Every structure is written in C-alpha cells, then in structure tokens.
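Student: Could you work out the structure for the sequence below:
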Amino acid sequence: MILPIPSFNATKPLTYYNFCYRFILEISRSLMKRFLLCVISICIGAIAMAQNIVPNPGFENYNACPPTLSGFAYTPTYTLFPYCTNWINPSNFSSSDYFNACASSGSGVSVPVNFVGYQPAHGGNAYAGFYAWYSNYTPTKPYMEYVETKLTAPMITGHKYLVSFWANLANNSFGSALVGINTVAAHLSDTELYDPTSTPCMFASEDVWDTTVYVDDTSKWVQIKGVYKAKSSEQWITIGHFWDTTFSQSYHVISGASGGNKISYVYVDDVSITPFSDTETRDTSFCTSVFPFKIPGLKDTGIFSWSTGDTTRYITVDTTGWGGNNNKIKSHWYVRTTLLLPDSSLRIDSVLISFDPKLHLVAHDTIVCPGIPVTRWANYATFDSYSWDSGEKTDTLTIKSPQKYILTVTNSCGIQRDTFNLFNYSIPPPPKVNDTSVCLNVVVPPLAVYGQNIKWYLHSLDTFSFDNQPLLPTNHRIHDTVYVTQTVNGCESPKSQIVVRIIEKPKFDLGNDTILCHGKSFVLGKENDSIDFKWNTGQLGCCINVELPGTYILDGANVCGHYFDTVTIQSYPCDTCLWAPSAFTPNGDGRNDVFNVKVRCPIKEFKFVIHNRYGQTVFQGNAQHMGWDGTLFGVPQDPGVYFYFVELNTGIPDDDTKILKGDLTLIR
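Tutor: Residues are numbered from 1 along each chain as shown. Below is the predicted model of the structure:
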C-alpha cells in the first residue's frame, strides 16, 4: 500500500517549503531542540496539508430536498442552485439528477432506493447521477449528461493536482442492454463549460480518465483518478462522457442483448482535487505475532517525526488504538517523516505492521432461511490475497447455497485457511385457513388462521404485509381474497389464500309454470353456492331432475335470510301430438266437408300446407282451427290425391319440433 502523497498547499509558493527546510537546517546548529521540533511540526503540517479545492465534493450540502428528477439547474451565470449547492448541469439539452436520502420514497431520487436502482452513497447521504452513454439516441450521436462546478480556487500554472472521483453503475437500463464503460472522465477548464444548443452530447477533452477502469459494478464504487498538470488557471471541473466524431466506445455488457440500444447510467460521489507533490515516499512492512514490536529506524541522519507524535529514530508499538469493528482489522500503518540532513530533502516512510492472528479467519457456522443471501468476510483485512474455494478472490463472499466454504489467505506471515458451514432452516408450511361468507355491507369478523407470527397480504404478489387482519370492503357482490403467511425461525412460509364471499339474502326464480312431455325430463333450478336449498320432494341442492307433473316448491336459506319459490309442471303426450285423416268429401252434406289436422299438445307455432300433384299450393294456414274445404280461390278442385305438410312447435322445454306429412284423397 502506498499512502497518499503529501502535497504542496496551492495557496503558498513553492519557495515557502524550501525556506522551511533551509531554516530548520540553520537553526538546528544553534537553537534548543524543543524550539526546533515546533518548527518541524509547522513545516510538516504545511506539507501534509492537501486541501480539496472542489466545493461540496460529496453533494451533501443542499438548499432543498430534490422532489423529482433533473435536480441540477442549467445556469450559464452560475447563480441558480435550487437543490444541491455549487453543482450545475452544463448542457441545456440534458437533465442530470441529484440524489439525496432526504428525498421522499416516491420522488425517484432518494438514497439508497431510486428510479435507476439501489445504491448507498460512497460517503454521506447524497450523490449525483447521469446518463454517461445512451448509445442509440440519434443515428449519428449518443445522448450524454454531465455535472459541473467551480473550484474554490484556481489552479496554479505548471503545478500538479491529484484529481479523483468515485463512480458506480446503476442497476436499471429500462429494457436496453446495461453496459459498463471506461470513458467516464473529468474535463478541466479556465471558464465555465456550457452548451445552450440541443446537441445530445458535448465535445471536450478528457483531461482525467483511466481506460483500465470500467464503471461496470452495480454494487461497489470504483475510483477514477489521475495526476493533472495545470496548463493555466483552470477553475472549472466537468464530469461525464465526452464525445468526438472519431471516438469508438468500449464497453462491457452486464445484462441484455449487445446488438441493440445500450445504456450506462452512472452515479458520482466524493469528487476531489488536491495539490500533488513529488516528495520521495517509501513503503515498509513487518509481520509479527509478538507485541510490543520495535520498528527499526533509518540509518540516515535527519530530524524524525512519527504519526504517533514520537521524534526518535525508531519506536516501539503495540495494538492499542488500532481500531476496527469487532477486531476485524489486525494491521496498522505508521508514517515516519524525515527531514534528511544536510541536504534538507524530505522522505516519508509508510510502515505497515501486520499481526498474524492464528485465529478464526471467518465467522462461525450459520443457519439461515433458504434463499437468503449471507455475506461473510475475512475477520482481518490486511492480507495480500484472498481465495475462496468457490473461486472468488475478494475478502468478502455472498452466498446462498448451504454447504462448507473454505477461505485461504496469504501475506508476509504465510498461508492460512479456515472453513465455515452454511445451513438452512426448513421453510414452514402455509398456515391453515378457512374460507368464510359475509353478508353484504356487514363488517368482516376475525378470520380463522392457524399458525405462528401471522402476516397479512392483500395480493398474492405483495411484499408489504400487515401485522393484523386488514379491513376488507363488503359493499360489493364479488368475492374478496386475503393472503396470510406464518414465520418460524425467521423464515416466512408461502402464502395461504382466504376467500371471503360477499353474499346477499337468498333470492331466486324457478320460472313460469311449464309443460313436460310424457317420458321426458329436465333440470329445474340454478346453481348458487351461497344458498342451502331444500325441495318439497325431500331432495337437497339447487337443482333437481323433473320427470313427473306436479307442483314443486324450493326453499333456500343462508346466514343472511330465507326465501322460497313455486312452479307447476303439466304433462302431455308429445309423441302423438298430430293426427290427420286420409280423405275427405267436400260435397256440402255437412259431413267430412273440411280437411283438418287434429292437435293434442299446446301450440306455440303452427304451420299447415297442402299441395296438388303438380306442386301448386292449394291451401296454407297457421292455426289449428283452419282447414281446407277443397277449393282454391273459391274454385272446387279436382278429385284425386293431394299432399299435406304440418309443422308444430309446442313450446315445451326439450321438446323437438313436430312434423306430420302425408297424402290425402279428395273425393266428390
């Protein structure tokens, strides 16, 4: 590890430091040691000071909580800061976003949950966000967004500055391919960079970027940094993805198809610009399991100052003050600053002391609910390499599968291994429930549910639950459903469905009195599962099969009331409804002068037609009393054979249309 390099304060000329060194050299021969150490402290303090000249670097300062998207204003005069202070949007066409934990959950710009995913801030409670690359916005140009601010002090021409910011890839690509890119950069300029046109991207130089760093991790923040040498008095920094016509985008596809539109929405946090120095630095490391430990001193002649406050050539240390959570950190850096004599050069040594714990590297065995991710990390974060038997090479591992896991670590202390096991509880079964019926406009009573730690849901796919039975409406005539789970050992069961039927006082209609053909039957009644039925025949249920004539009474009841209806069924010999004679004698003697069809069933529709042997219609009627008197238009027809056709619809349920046809003889 190389510690951050102490840098010159940009507000003091370089000669100030030369003066400090030379002054120390001269007075070291004549002044008291105590006074000398005070001067050393002043000079070293000035050298170590590396003030960040980016205002509001973590986007924490704000005038108001952002209510929705597009939280940075386009303000060429650098005067409008409605939400986040100091930062603006340099493009009149785009709309970068300001995210802050103070925003409401429905605003889309809260932290950590917002419209493009889930991400805690790198530091604090806020960050910026923008579309770094929207590949197919136009046929020739992509769409890009930016953020910009004015530095607290201009850079000094020829001086070096360490420029850095942290970035993270948002989860949501809105149906397009989610990609990570290596072209998120910082542009530095003397004047404000702004674009009043409708251009979807900005043309500018990438002054600080790193093509080896892809912003392609949707969980961890990555740092983009570089050393920049001031060309003049740069006082503006713009962050984004800058475009030119010769540019060829490199990207990593995280999800989705690579052939279509590609989106890279990036969060940005903790922007820093600090003076950078070429002061000589060294790294030294020691591994020990024995404390106190003596850090050897330099052989060089000089004036020494340790980060502990000691001023001796060497110091003896123990683990006091190492800090860390639950003793996870078992190493510590010490910094020794040496003003070398007689040339007054400055040397900064970073010394890493690592403790070989010879203890458990990971947590104890764990039992969790199936499918719940568990993150395990090395208890000590100072090893050179980490290797899990599942293939990961980091100090943390997030797992779901129940099995044994092995961690191997290495550092200057050697190789160590440790194991832990992940076990699963059994998922409890859904709670036992009973469906119920409730009368219209009556409050639903407590529902019967049998289980532990019951949670209530209004929909089968809901993730939000109630601890108590929710209020269900009963002012409609449809079924309501509610869902419940039980939780055992912290594991939630699948949902059970309870159907609450909203019912009314029984009311039904058996229909009008009707007719039944001899030998026929039909079903009387209609289904209604909210009513208990009983017939005067002794049968139970909504419907019965009727085969005999008679009066049928149906009684219906439920928790809401009682009702009954009656119907009378008559019976006819439907198979012999029609009869016709074979001849008639229309001679006026009053006997057998009219040919009639005899009907013995009810008549709903009736049709009677007679044709002569040439197919000519000589008679037709639509009522039973109508008959043929042997004439056509008052003219008597010739004796001989004629043909009749009769069609009858009785209107009886399930009875077919009756057809009677044949020949008759007209005799004179």
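
Student: What is the neighbour count of Thr140?
Tutor: As a burial measure, Thr140 scores 7 neighbours (other Cβ atoms under 10 Å). The way it works is simple: take the backbone N, C-alpha and C, and place the C-beta from them, glycine included.

Student: Quick check: which element contains it?
Tutor: Here Thr140 sits in a region with no helix or strand, counting by DSSP states H and E.

Student: And it, how far from Pro200?
Tutor: 10 Å (Cβ to Cβ, to the nearest Å).

Student: Could you do Thr408 as well?
Tutor: 50 Å.

Student: cool, Phe633 as well?
Tutor: Applying Cβ to Cβ to Phe633 and Pro200 gives a distance of 92 Å.

Student: quick one: which of the two has more around it?
Tutor: Using other Cβ under 10 Å as the criterion, Phe633 and Pro200 rank with Pro200 on top: 20 against 5.

Student: In contact with that one: list those residues for me.
Tutor: Shown in contact with Pro200 (Cβ atoms under 8 Å, 6 or more residues apart in numbering): Phe93, Ser94, Tyr134, Tyr137, Thr138, Lys141, Pro142, Tyr143, Met144.

Student: Check the secondary structure at it for me.
Tutor: Recorded secondary structure, Pro200: coil (DSSP: H, G, I helix; E, B strand; the rest coil).

Student: shift numbering so it begins at 809
Tutor: From this message on, residue numbering opens at 809, which makes the last subject Pro1008.

Student: How about it: what's its closest non-neighbour residue?
Tutor: Leaving aside its sequence neighbours, Pro1008 sits nearest to Tyr951 (Cβ to Cβ, 6 or more residues apart in numbering; 4.3 Å).

Student: Would you check that Ser1162 makes contact with Ser1097?
Tutor: No. Using Cβ atoms under 8 Å, Ser1162 makes no contact with Ser1097, being 9.6 Å away.

Student: higher neighbour count, the two?
Tutor: The residue with more neighbours, out of Ser1162 and Ser1097, is Ser1162; 20 against 11, by other Cβ under 10 Å.

Student: That one should be in a strand, yeah?
Tutor: Yes. Read with three-state DSSP, Ser1162 is one of the residues of a strand.

Student: And the pLDDT for it?
Tutor: On the pLDDT scale, Ser1162 is placed at 73.

Student: Now do it against Phe1231, distance only.
Tutor: 33 Å.

Student: got a list of what Ala1256 touches?
Tutor: Here Ala1256 is in contact with Val1241, Asn1242, Thr1244 (Cβ under 8 Å, 6+ apart).

Student: with those residues in mind, which one is nearest to Asp1203?
Tutor: Val1241 (46.6 Å; Cβ to Cβ).

Student: For that closest one, name its beta-bridge partners.
Tutor: Val1257 (DSSP bridges).

Student: That one is in contact with Leu1255, isn't it?
Tutor: Yes. The pair Val1241 / Leu1255 is scored as a contact, 7.2 Å apart, by Cβ under 8 Å.

Student: Tell me the buried residues in stretch 1455-1475?
Tutor: Residues of stretch 1455-1475 classed as buried by neighbour count (16 or more other Cβ atoms under 10 Å): Glu1455, Leu1456, Asn1457, Thr1458, Ile1460, Pro1461, Asp1463, Lys1466, Leu1468, Leu1472, Leu1474.

Student: And the pLDDT for Gly1349?
Tutor: 91.

Student: Going through the contacts of Ala1256, which ones are buried?
Tutor: Looks like the contacts of Ala1256 have Val1241 buried, using 16+ other Cβ under 10 Å.

Student: From the contacts of Ala1256, pick the one nearest Tyr1291.
Tutor: Checking the contacts of Ala1256 against Tyr1291 with Cβ to Cβ, the nearest one is Val1241 at 9.3 Å.

Student: Spit out the contact partners of that closest one.
Tutor: Going by Cβ under 8 Å, 6+ apart, the list of residues near Val1241 reads Leu1255, Ala1256, Val1257, Tyr1258, Val1292, Ser1304, Gln1305, Ile1306.

Student: again, only using 6 Å
Tutor: Val1241 is in contact with Val1257, Ser1304, Ile1306, counting by Cβ atoms under 6 Å, 6 or more residues apart in numbering.

Student: And Ala940, by the same measure?
Tutor: So Ala940 contacts Val992, His1049, Ser1072, Val1074 (Cβ under 6 Å, 6+ apart).

Student: Find me the pLDDT at Pro1444, would you?
Tutor: Confidence score, pLDDT, at Pro1444: 92.

Student: What sits closest to it if chain neighbours are left out?
Tutor: Residue nearest to Pro1444 in three dimensions, not counting chain neighbours: Gly1438, with 6.0 Å by Cβ to Cβ, 6+ apart.
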